[in-house]
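A.B. asks: Provided below are the primary sequence and the corresponding predicted coordinates.
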Amino acid sequence: MLLVGASDDLLAVMRHASAQPQTRVIGVVDETGKLIAVLPILKLAEAVVSRVAPEALLSDISDIGDVARFGHAVESRVVRDAMVEPAVIRPEATLDEAFRLMHRRHLSGLYVVDSEGRPTGYLDLLELVLLYVDALEAPPAPSSG
């Protein structure tokens, strides 16, 4: 589980994240430890690349929306500039609920939060899919009676 602050430098966060490749979505917490946003690894990578080598992304610009996104990415310096609304689940959520939320938000991971909104765990999409497949392939429980 990787947690950072909104004012942390994006390049420093990328260096820290590279040491924890199993985390594909970085949690952004406030000073009380409450999850306030997430930073998908792809968004982090785009922000850093556009800052240090903007020419690498220029060839992908094809419409006005791309121009606006590129301009914002080039200006990104701290986590706050690239973070997105958090997507979280509670410990009692089902695998189906977690998968649907990740799918709807196009995220590859979710933070599990307590009643105060503080992260207590991280659920990775690949791990979730494996749990789901294993549950589907499990032999049926013997019936009692």
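C.D. replies: Thanks, I have the structure now. All of these numbers come straight from a predicted model, not from anything done at the bench.
A.B. asks: Could you check this structure and say which of its helices or strands has the lowest average pLDDT?
C.D. replies: Here the helix or strand of the chain ranked lowest by mean pLDDT, DSSP states H and E is helix 55-58, holding a mean of 49.
A.B. asks: tell me the centre residue of this protein?
C.D. replies: The residue lying closest to the centre of the chain (C-alpha atoms, centre = their mean) is residue 25, at 2.4 Å.
A.B. asks: pLDDT score for that residue?
C.D. replies: Note on residue 25: pLDDT of 90.
A.B. asks: and what of residue 93?
C.D. replies: pLDDT for residue 93: 92.
A.B. asks: in the sheet, who's paired with the residue nearest to it when sequence neighbours are not counted?
C.D. replies: Counting by C-beta to C-beta, 6 or more residues apart in numbering, the nearest residue to residue 93 once its immediate chain neighbours are dropped is residue 112, at 7.9 Å. Placement of C-beta: from N, CA and C, glycine included. Residue 112 forms beta bridges with residue 89, residue 121, as assigned by DSSP bridges.
A.B. asks: Is there a neighbour count for residue 112? I'd like the number.
C.D. replies: With neighbours defined by other C-beta atoms under 10 Å, the count for residue 112 comes to 18.
A.B. asks: tell me the contacts of it?
C.D. replies: 88, 89, 90, 91, 93, 119, 120, 121, 122, 123 (C-beta atoms under 8 Å, 6 or more residues apart in numbering).
A.B. asks: Over to residue 19?
C.D. replies: Here residue 19 is in contact with no residues (criterion: C-beta under 8 Å, 6+ apart).
A.B. asks: Please tell me how far it sits from residue 128.
C.D. replies: 23 Å (C-beta to C-beta, to the nearest Å).
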